[in-house]
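> sequence and computational prediction follow.
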Amino acid sequence: MSELISDELWEPRPLPEGGTFHCRFGPLEFWLRRADTDLILHTRREAAEEIICLVDSAPPPDDVKASERFTYDGPLERVRAVPMLPDRSIVVRPENALKVLNGQKSQFFVSIPIMIRVELMGAAADDALQVTEIMTAVLSNTWFGDTTGGELCYALKTTAKHRLETVTRRKWRAICPVTVVNRSEKSLDLQRICVQSKHLGCYSGEFFLWANAVEVTHRAEKEELHVQFAQEPPSFEKISRQLSEPRDPVKKSFLRRGLSGFRMFAQI
Amino acid sequence: MINTLYPIFANTDPEWVTPGRVESIFRVVFLLFVVLPLLWMGARYAGRFMEKRYTAHLGQMVRKAITYGGSVLIFIMVLTDLGFKLTPLLGAAGIMGIAIGFAAQTTLSNFISGLFLITEKPFAIGDVITVGDTTGIVLSIDLMSVKVRLFDNRFVRIPSSLLIQREFINNTRFPIRRLDINVSVAYKEDVAVVRDVLKDVADRNPHCLDEPAPLIIFMKYGDSGLEFLFAVWALRTDFLALRNSIMQEVKDAFDQKGIEIPFPHRTLYTGAATEPFPIRLVSGEKEPVPVEAKTVGAEPEEEPDEEAEPRG
């Protein structure tokens, strides 16, 4: 069993003059150094799994070049990392190409790399200023839809798993439970799943980070899909608190076109 | 009385200065210096509103319609106030219109073509179009012509009728584009390995979309090598970056895997097809060594025993 995820990781920390906010989230490592009213960001990517988040006085290593520089003017003395679901939809394939039989449903667990939002904070909790957002893993681009219209998404190399036990536990990824319900009279050929992550919030669980559960219902070919976003946190393990709100909160459900021609997609 | 009310007319002939004239003059001044600037401001505001709400093209059209339409109306009102009789003027304009219509058939053709272009909307302002050998960004779509800025910052005016009559390409109509690359490899190469290398190049390129999946098609047995079509998709905004990066990456990957990109080969025979063509190579001060070669490549200075080596 993996180690517990500490909620302290996401707490704001004082960032004094000359101090460095040093974080590692799996393959992403960054240093945000405060120099007067400037914030200098250094990033590095390498294969790793650990999570670190601390403020120290040590500067970033010499071989890591500064990637961005920010300037600010205000009494914002604290800094924090906020886990966010990606800003674009995620496309993932099931473990094996499969068909959901008519009248049946199938559940998947999609492991989504989180984005880290770095925020400066004042004394009040709601007094936050976003500095930047960095993706923990570099994902490739993909297109969901036909060539004349569709949506630019991130593609996941990992597959959507049927059982939670088979999901590799990584602390820098959030798990989104997706249920596909086929209420049509024909079986549903499920090739790719598109998870609209901008509608998902992030929760801290005992061992995993979680996203809101999603249920998509297919009623008939050429008919819009019925998508439902759970308002409450997933119930697969004990959730301690919500770490971030969805970027674009939606009402409980909405309709969306998702099936195209001979090649069927479930779009969520 | 008028001279007392309006000191501006103090030195003017009192018979000329009548209340009606003074009123007309003030109306003309009001039209030219208040209404006209207001009209232009209103046109600009309306254009910006339509541009934000709908499209840049519609904004431009609304702005021009209000500016030109309103200006003509104000011009007519000013002429009326100045005492011009417009009835003969309009009659003359009608006759002149017929005469001009005959004389300016091309202009009329452009005008009507412009109307078709505006209603059909095959492209919008900001799109990149190719007409014949001209490729550029559409700056404006007017009734008579379409203005285009070329990539080297030259300006081109394309008559609307030309666009109606000829085929043109809108390069940015759809959000994604396919880049087709013709790749050739030597006959000795393993087709499966070539496919794998190309697929890997597409996977690694950050501008290349995973879906639609890259296409690798074995096109034909060419004159000098095996010919493939390598087709990859990218966002239209990333198209140039993809083209720049992936061509180099294919070359680098082929070099790394020792896959030869062939150059044109010609096999020469003298007399009989089965008899080799005797050649003699002389290199530096060494003694000439008689060599028999069946194939003569495009680079005669190449040492014969290196021919089997991969080209780096």
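Happy to help now that I have it. Everything numeric in this text was worked out from a predicted model, so none of it was measured.

> apart from its chain neighbours, what residue comes closest to the residue nearest the centre of chain A?
Nearest to the geometric centre of chain A sits A:Leu85, at 2.7 Å (C-alpha atoms, centre = their mean). Leaving aside its chain neighbours, A:Leu85 sits nearest to A:Ser197 (4.0 Å; criterion: C-beta to C-beta, 6 or more residues apart in numbering or on different chains). C-beta here means a position set from N, CA and C on the backbone, and glycine is covered the same way.

> please name the residues that touch that neighbour.
A:Leu85, A:Pro86, A:Asp87, A:Arg88, A:Ser89, A:Ile90, A:Ile112, A:Cys176, A:Ala211 (C-beta atoms under 8 Å, 6 or more residues apart in numbering or on different chains).

> same deal with A:Thr217?
Counted by C-beta under 8 Å, 6+ apart, A:Thr217 has contacts A:Val181, A:Arg183, A:Leu225, A:His226, A:Val227, A:Gln228.

> can you read off the pLDDT for residue 191?
Answering for chain A, as no chain was given. A:Gln191 carries a pLDDT score of 85 in this model.

> not quite, I wanted chain B
94.

> in PyMOL, how would I select just the buried ones from the contacts of A:Thr217?
To isolate the buried members of these in PyMOL, using 16 or more other C-beta atoms under 10 Å in any protein chain shown:
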select buried, chain A and resi 181+225+226+227+228
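
> just want the most central residue of chain B.
Geometric centre of chain B, nearest residue: B:Gly136, 2.5 Å, by C-alpha atoms, centre = their mean.

> residues of chain A that sit close to chain B?
Residues of chain A found near chain B, taking C-beta under 8 Å from any C-beta of the partner chain as the criterion, are A:91, A:138, A:140-144, A:147-150, A:152, A:155, A:192.

> could you redo the last one with a cut-off of 10 Å?
Remark: the part of chain A in contact with chain B comprises A:91, A:138-157, A:192, A:265, using C-beta under 10 Å from any C-beta of the partner chain.

> rewinding a little: between the contacts of A:Ser197, which has the most around it?
Using other C-beta atoms under 10 Å in any protein chain shown as the neighbour criterion, A:Ala211 leads the contacts of A:Ser197 with 31 neighbours.

> got phi/psi on that residue?
With angles defined as degrees, to the nearest 10, A:Ala211 sits at phi -120, psi 160.

> what's across from it in the sheet?
Beta bridges link A:Ala211 to A:Cys202 when assigned by DSSP bridges.

> so what's the nearest residue to A:Asp36 once chain neighbours are set aside up against?
Once flanking residues are discounted, A:Asp36 sits nearest to A:Glu17: 7.0 Å by C-beta to C-beta, 6+ apart. Going by C-beta atoms under 10 Å, 6 or more residues apart in numbering or on different chains, A:Glu17 touches A:Arg34, A:Ala35, A:Asp36, A:Thr37, A:Glu77.

> hmm, back to that, could you dump the contacts of A:Ser197 into JSON lines and include distance to A:Pro234, pLDDT and secondary structure?
Listed next are these as JSON lines, based on distance: C-beta to C-beta, whole Å; pLDDT from 0 to 100; DSSP: H, G, I helix; E, B strand; the rest coil:
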{"residue": "A:Leu85", "distance to A:Pro234": "13", "pLDDT": "95", "secondary structure": "coil"}
{"residue": "A:Pro86", "distance to A:Pro234": "18", "pLDDT": "95", "secondary structure": "coil"}
{"residue": "A:Asp87", "distance to A:Pro234": "21", "pLDDT": "93", "secondary structure": "coil"}
{"residue": "A:Arg88", "distance to A:Pro234": "22", "pLDDT": "92", "secondary structure": "coil"}
{"residue": "A:Ser89", "distance to A:Pro234": "19", "pLDDT": "92", "secondary structure": "coil"}
{"residue": "A:Ile90", "distance to A:Pro234": "16", "pLDDT": "93", "secondary structure": "strand"}
{"residue": "A:Ile112", "distance to A:Pro234": "13", "pLDDT": "94", "secondary structure": "strand"}
{"residue": "A:Cys176", "distance to A:Pro234": "8", "pLDDT": "94", "secondary structure": "strand"}
{"residue": "A:Ala211", "distance to A:Pro234": "8", "pLDDT": "94", "secondary structure": "strand"}
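
> could you find the closest non-adjacent residue to B:Gly70?
Spatial nearest neighbour of B:Gly70, excluding adjacent residues (C-beta to C-beta, 6+ apart): B:Leu39 at 4.2 Å.

> what about the closest residue to B:Glu260 other than its chain neighbours, neighbour count?
Excluding the flanking residues, the one nearest B:Glu260 by C-beta to C-beta, 6+ apart is B:Ala186, at 3.9 Å. Here the count is done by other C-beta under 10 Å, and B:Ala186 has 17 residues near it.

> any idea how far B:Ala186 is from B:Ile261?
Separation of B:Ala186 from B:Ile261 (C-beta to C-beta, to the nearest Å): 8 Å.

> mind checking pLDDT for residue 235?
Answering for chain A, as no chain was given. 87.

> looking at chain B here, not the other one
93.

> cool, and the one 10 residues further on?
Note on B:Ser245: pLDDT of 94.

> surely it is in a helix?
Yes. Using DSSP: H, G, I helix; E, B strand; the rest coil, the assignment for B:Ser245 is a helix.

> extract the residue ranges of the chain that are flagged as low pLDDT.
Defaulting to chain A. A:1-5, A:125, A:251-268 (pLDDT under 70).

> ah, no, chain B please
In chain B (pLDDT under 70), the answer is B:1-14, B:16, B:265, B:267-278, B:284-312.

> how about the strands in chain B?
Taking DSSP state E, the strands of chain B run over residues B:128-131, B:134-141, B:145-150, B:155-159, B:168-170, B:176-185, B:215-221, B:226-235, B:277-281, B:289-293.

> nearest to chain A, of the ones you listed?
Closest to chain A of those, according to C-beta to the nearest C-beta: strand B:176-185, at 5.5 Å.

> name all residues that make contact with the residue nearest to the centre of chain A.
Per C-beta under 10 Å, 6+ apart, neighbours of A:Leu85: A:112-115, A:174, A:176, A:195-202, A:209, A:211-212, A:244, A:246-247.

> next, count neighbours for residue 191.
Chain wasn't specified; assuming chain A. Residues contacting A:Gln191 under the criterion other C-beta under 10 Å number 13.

> chain B was what I was after
With neighbours defined by other C-beta under 10 Å, the count for B:Val191 comes to 12.

> give me the distance between it and chain A.
Using C-beta to the nearest C-beta, to the nearest Å, one obtains 26 Å as the distance from B:Val191 to chain A.

> check whether stretch B:240-248 contacts chain A.
No. Judged by C-beta under 10 Å from any C-beta, stretch B:240-248 stays clear of chain A, getting no closer than 10.6 Å.

> which outside residues touch that stretch?
In contact with stretch B:240-248 (C-beta under 10 Å, 6+ apart) are residues B:177, B:179, B:181, B:183, B:198, B:201-202, B:204-209, B:214, B:230, B:232-235, B:238, B:253.

> which positions in chain B make contact with chain A?
So far as C-beta under 10 Å from any C-beta goes, chain B lies against chain A at B:173-178, B:202-213, B:233-235, B:237-238.

> please pick the buried ones from those.
Listed as buried from the residues of chain B next to chain A are B:175-177, B:202, B:205, B:207-212, B:233-235, B:238; burial here means 16+ other C-beta under 10 Å.

> list the contacts of residue 43.
This is for chain A. A:28-32, A:60, A:64-68, A:132, A:134.

> oops, I was thinking of chain B
Listed by C-beta under 10 Å, 6+ apart, the contact set of B:Ala43 reads B:Val62, B:Arg63, B:Lys64, B:Ala65, B:Ile66, B:Thr67, B:Tyr68, B:Gly69, B:Gly70, B:Ser71.
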